[in-house]
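[1] fold the following for me, if possible:
(chains A and B)
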Amino acid sequence: DAKTTQPPSMDCAEGRAANLPCNHSTISGNEYVYWYRQIHSQGPQYIIHGLKNNETNEMASLIITEDRKSSTLILPHATLRDTAVYYCIVRVQGAISNFGNEKLTFGTGTRLTIIP
Amino acid sequence: EPEVTQTPSHQVTQMGQEVILRCVPISNHLYFYWYRQILGQKVEFLVSFYNNEISEKSEIFDDQFSVERPDGSNFTLKIRSTKLEDSAMYFCASSPTGPLDSGNTIYFGEGSWLTVV
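    Numbers count the residues shown, from 1 in each chain, chains lettered A, B, ... in the order given. Model (predicted):
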């Protein structure tokens, strides 16, 4: 799986949009971008994923650049409960040859702190 | 919303003892996983399991570890002869399909904290 680079930490004011960047310059055509977060020591929580189109769900939006070498996770109205470590992960899917490579590889993520 | 449930939430065991961590994956999910996180470190993949056999395992998952799906609902991780360095949070996870499906997403449980003393 391609490697990702994220800033180690970020702050965001409560109520503002939190924009978390991720670089994945070596991503290949069949690799998806996944975002998870981990609040304190809880289990990683799935947020959103995408291949090349922008995606939005009830939690967040995912913007992927046209060349797919970077992406941004947007939490539109951050609350104190969004304080967590956010992980950007790229993962191969959709290829028979990758059967058995289902795992997610976590990096160190971005520690997002929402400031009251 | 369906969720992955894990028991126990916390277990303290003596070095050398065997431990079984239990998980109930989301109903109708087909792929199952164990991850662990040593305090202050990254979440690490241990093993994936599909169709009653291991589909992938990491270097961490040596002969000390084993997994089993003893019935239609439970998925267990057994750690034999525990060591101090096995102290960690162990996360079970499941996904509805495998890597052939672009919509595949892995969902995690809240973890079992294992302390080896």
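
[2] what is the three-state secondary structure of the one residue sitting closest to the centre of chain A?
    Centroid-nearest residue in chain A: A:W35, 2.8 Å away (criterion: C-alpha atoms, centre = their mean). Taking DSSP: H, G, I helix; E, B strand; the rest coil as the rule, one finds A:W35 in the strand state.

[3] bridged to it, which residues?
    In this structure, A:W35 bridges to A:I48, A:C88 when assessed by DSSP bridges.

[4] list the buried residues in the helix or strand hosting A:V90.
    Here A:V90 sits within strand A:84-92, counting by DSSP states H and E. Neighbour counts using 16 or more other C-beta atoms under 10 Å in any protein chain shown place A:84-92 of strand A:84-92 among the buried residues. (C-beta placed from N, C-alpha, C; glycine too.)

[5] by mean pLDDT, flag the weakest helix or strand of chain A.
    strand A:84-92 (a mean of 91; mean pLDDT, DSSP states H and E).

[6] starting at the chain centroid, how far to the next helix or strand after it?
    The first helix or strand that comes after strand A:84-92 along the chain, using DSSP H and E, is strand A:110-115. Strand A:110-115 sits 14 Å away from the centroid of its parent chain (C-alpha atoms, centre = their mean, to the nearest Å).

[7] any idea of the mean pLDDT for strand A:110-115?
    Mean pLDDT, strand A:110-115: 98.

[8] check whether it comes near chain B.
    No - Strand A:110-115 does not reach chain B (C-beta under 8 Å from any C-beta of the partner chain); its nearest approach is 12.3 Å.

[9] where in the chain is pLDDT low?
    No chain in the question, so chain A it is. Scanning chain A with the threshold set as pLDDT under 70 gives A:1-2, A:93-102.

[10] hmm, I had chain B in mind actually
    B:98-103.

[11] beta partners for the nearest residue to A:I64 once chain neighbours are set aside?
    Spatial nearest neighbour of A:I64, excluding adjacent residues (C-beta to C-beta, 6 or more residues apart in numbering or on different chains): A:S71 at 4.5 Å. Beta-bridge pairing for A:S71 (DSSP bridges): A:C22, A:I64.

[12] can you count the residues close to A:S71?
    By other C-beta atoms under 10 Å in any protein chain shown, 23 other residues sit near A:S71.

[13] so what's the spatially most central residue of chain B closest to, chain neighbours aside?
    Among the residues of chain B, B:W34 comes closest to the average C-alpha position under C-alpha atoms, centre = their mean, at 2.7 Å. What sits nearest to B:W34 in space, not counting adjacent residues and going by C-beta to C-beta, 6+ apart, is B:L46, at 4.3 Å.

[14] what's the angle from the helix or strand hosting that neighbour to strand A:84-92?
    Assigned by DSSP H and E, B:L46 falls within strand B:43-50. Angle between the axes of strand B:43-50 and strand A:84-92 is 50 degrees (criterion: axes from the mean of the first three to the mean of the last three C-alpha atoms, to 10 degrees).

[15] ok so, going back, hang on, the residue nearest to the centre of chain A packs against A:V90?
    No - the pair A:W35 / A:V90 is not scored as a contact, 10.6 Å apart, by C-beta atoms under 8 Å.

[16] that older thread, ok, so of the buried residues of strand A:84-92, who is nearest chain B?
    Nearest to chain B among the buried residues of strand A:84-92 is A:V92, at 6.6 Å by C-beta to the nearest C-beta.

[17] kind regards, and thank you for your time.
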